[in-house]
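>>> One predicted model, sequence on top.
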Amino acid sequence: MEVRELAYNFILENRINNLNIDLKLLKDICKINKWKIGSYSKNINFLETTNLIDKITLLAFTCFYKNDNKEKVFIMYNDKVEEDEIVFNILHEIGHIVLKHNICDLSNFEKEREADLFACEVLAPSCLLKYLNLNKIDAITNISNIPPKYIKNYIDTYKNYKLYDDYFSKIIIKTFKHLKEYRLLKFFKYKKIFITLFFLITFFININYTNSYSKNIPDIDNNIFDINNIPVINNNIKDTNHNYQSFFVTKTGKKYHKEDCKYIIHKDNLIEIKSNDPILNNYKPCSICID
């Protein structure tokens, strides 16, 4: 099996179903697999008695020890760094074990690269990243515990892969159900933005159209009528239109009158308004001459 498949097999065997792998979970996994695990600070006596004290300059290492005449694996790690770094370093060492590398000879760059790849595939399976279309360092950091400094090389490794359609990849994608929901939420997030923009644009178009349309509708409020633009007639001119009654107003008056009303009978420059003219609605009837 290649590194990727071995990493996926490790995920399934240890029932890992989320990307929030922490130190506690790794300790439980090591216990299940009968691998001893410990930090430098809590195992200083062991390091001194086994002449491994000079190894503490490493971020982590794997050694063997005898117990009941059986050779046991002991994974040791530097606990003075951030937890995501600790988790990655431990998975790196587990990668050496699963990939059956020679623990005594790890100077080979290719073996170190494979162990890094194993850790990345466990922390954020590339089939999931392809499924979610995640190929940016920040995006991968947000959903996994891979330290950013390892992500760039990881992206360069899998970016040319096709979307996996093999057995292991299908199982992994089904196992991480919550990330399928993440993809759906991501889709609806952008869809929601699009819908919001659409409605905003439609709203402003409607507002502009309404304002433009309203400017072309005559306002019948009496404040917009210019009384000076209404034709002035002499009060001696009689109404020749027998279909509508004539009423008269003064330039400054607020009421309309009949022609023989005592309030206007001696006034000049009266304004005639027919009874069917909407302008008449802007005046009140005279209480003396109009019942």
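Alright, I've got the coordinates. Numbers count the residues shown, from 1 in each chain.
>>> since we're on I56, how many residues are nearby?
Residues lying near I56 (other Cβ atoms under 10 Å) number 16. (C-beta placed from N, C-alpha, C; glycine too.)
>>> That one reaches N78, doesn't it?
Yes: at 6.9 Å, I56 counts as touching N78 under the criterion of Cβ atoms under 8 Å.
>>> Tell me where the model's unsure across the chain.
Along the chain, segments meeting pLDDT under 70 span 1, 103-107, 162-165, 177-199, 203, 208-243, 291.
>>> Now do the helices in it.
3-13, 23-32, 44-49, 83-98, 109-123, 126-131, 137-143, 148-158, 167-175, 177-215 (DSSP state H).
>>> So which residues make contact with the fifth one?
Yep, that's helix 109-123 we're talking about. For helix 109-123, contacts defined as Cβ atoms under 8 Å, 6 or more residues apart in numbering pick out 3-4, 6-8, 10-11, 16, 19, 21, 87-88, 91-96, 98-99, 101, 106, 126, 144-146, 150-151, 153-154, 157.
>>> So how do I select the buried members of those in ChimeraX?
Listed next is the ChimeraX selection for buried residues among the contacts of helix 109-123, using 16 or more other Cβ atoms under 10 Å:
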select :3,4,6,7,8,10,11,16,19,21,87,88,91,92,93,94,95,96,98,99,101,126,144,145,146,150,151,154,157
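>>> picking up where we left off before, identify the contacts common to I56 and N78.
Y40.
>>> Spit out the contact partners of the nearest residue to E83 once chain neighbours are set aside.
Among residues not flanking E83 along the chain, L23 sits closest, at 5.8 Å (Cβ to Cβ, 6 or more residues apart in numbering). Contacts for L23 (Cβ under 8 Å, 6+ apart) come out as E83, I86, V87, I90.
>>> And E121, how close does it get to E2?
10 Å (Cβ to Cβ, to the nearest Å).
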